[in-house]
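> No letters, just coordinates:
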């Protein structure tokens, strides 16, 4: 596992977004280490839920690399961004087995949030 990569990312993100940071973890296909977890995340998620999240991260990571093999014309995976109602979660692959995950407040990416919300509204609109 690339804990040093996770620490470098943690340091950068803390400087960049400050209190908008909710969590940073480093992972490989066998383990997951939480490098930073805000009090809000500590209260909201149990250890079991964190373990479930870690398994989901690994699944997304593997899927990114499987898609890369299917269509190398788009290049290697750079990042996966998931926008939840209350936060953004970035999955940053380092290589085929290692990566870093970052949880940020929704407010840290308001332009993306507004764009995604409008796309969602349009996609879910009733066809008349």
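Good, I have the coordinates. No experiment lies behind these values; they were computed from the predicted model shown.

> In terms of secondary structure, what does the helix or strand hosting residue 10 contact?
Taking DSSP states H and E as the definition, one finds residue 10 inside helix 3-17. Packing partners of helix 3-17 (3 or more Cβ pairs under 8 Å, 6 or more residues apart in numbering; DSSP states H and E): strand 21-27, strand 32-37, strand 99-105. C-beta: built from backbone N, CA, C; applies to glycine.

> Run through the neighbouring helices and strands of the shortest one.
So that's strand 32-37. Using 3+ Cβ pairs under 8 Å, 6+ apart: strand 32-37 touches helix 3-17, strand 21-27, helix 47-70.

> Deepest-packed of those, please.
Of all those, strand 21-27 has the most neighbours on average by mean count of other Cβ atoms under 10 Å, namely a mean of 24.

> chain center to stretch 18-26: distance?
Relative to its chain's centre, stretch 18-26 lies at 10 Å (Cα atoms, centre = their mean, to the nearest Å).

> Quick check: mean pLDDT of it?
Mean per-residue pLDDT for stretch 18-26: 94.

> What of stretch 103-112?
86.

> quick revisit: including distance to residue 115, could the helices and strands packed on helix 3-17 go into JSON lines?
Formatted as JSON lines, these follow (distance: least, Cβ to Cβ, whole Å):
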{"stretch": "strand 21-27", "distance to residue 115": "21"}
{"stretch": "strand 32-37", "distance to residue 115": "27"}
{"stretch": "strand 99-105", "distance to residue 115": "16"}
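
> Quick one: closest of those to residue 6.
strand 21-27 (3.1 Å; Cβ to Cβ).

> helices or strands next to that closest one in the packing?
In terms of contacts (3+ Cβ pairs under 8 Å, 6+ apart), strand 21-27 is packed against helix 3-17, strand 32-37, helix 39-44, helix 47-70, strand 99-105.

> Quick one: residues in contact with that strand.
With Cβ atoms under 8 Å, 6 or more residues apart in numbering as the contact definition, strand 21-27 has outside contacts at 1-3, 5-7, 9-10, 13-14, 32-38, 40-41, 54, 57-58, 61, 87, 98-105.

> I appreciate the help and will end here.
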